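[1] Build me a model:
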Amino acid sequence: MPVDYDEFKGYKLIVLKRTPEDNYPFKFGKSKAQLIVDNADAIKAFAAEEEKQTKSNP
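    Numbering: from 1, shown residues only. Model prediction:
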């Protein structure tokens with residue numbers, strides 16, 4: 001996953017892309033980065049969860 005850096009209104013951002021050509025990267029600043037670090041275990045568990053709900057037809 002390519003990682004890049006950007007700036008918004010003087011604040012440094014980290015930019016995560018699925019591919020180098022990704023048109024919609026995931027960008028966030030230091031405050032959200034710290035929130036992610038503090039909750040990394042919960043995020044990993046969430047990402048690993050199997051889909052528990054099935055989609056129903058209306």
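[2] Which of the three states applies to Ala45?
    helix (DSSP: H, G, I helix; E, B strand; the rest coil).
[3] And it, how close does it get to Asn39?
    Plainly put, Ala45 is 10 Å away from Asn39 if you go by CB to CB, to the nearest Å. Bear in mind the C-beta positions are built from the backbone N, C-alpha and C, glycine included.
[4] quick one: low-confidence ranges for the protein?
    Residues of the chain meeting the criterion pLDDT under 70: 51-58.
[5] Give the closest residue to the residue positioned nearest the centre of the chain in space, chain neighbours not counted.
    Centroid-nearest residue in the chain, with CA atoms, centre = their mean: Phe26, separated by 5.4 Å. Distances taken as CB to CB, 6 or more residues apart in numbering put Leu16 closest to Phe26, at 4.4 Å, once the chain neighbours are dropped.
[6] contacting residues around the one you found?
    1-3, 25-27 (CB atoms under 8 Å, 6 or more residues apart in numbering).
[7] hmm, which of those are the buried ones?
    Neighbour-count burial (16 or more other CB atoms under 10 Å) applied to the contacts of Leu16 gives Pro25.
[8] if we can go back for a sec, phi first, then psi, for the residue nearest to Phe26.
    phi -110, psi 130 (degrees, to the nearest 10).
[9] just the helices in the chain please.
    30-38, 40-48 (DSSP state H).
[10] Output these as CSV; include the columns mean neighbour count and distance to Pro20.
    Supplementary listing: the helices of the chain in CSV, determined by neighbours: other CB atoms under 10 Å; distance: least, CB to CB, whole Å:
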stretch, mean neighbour count, distance to Pro20
helix 30-38, 11, 22
helix 40-48, 9, 22
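[11] Can you say which of these is nearest to Phe8?
    Nearest of the helices of the chain to Phe8, taken as CB to CB: helix 30-38 at 11.6 Å.
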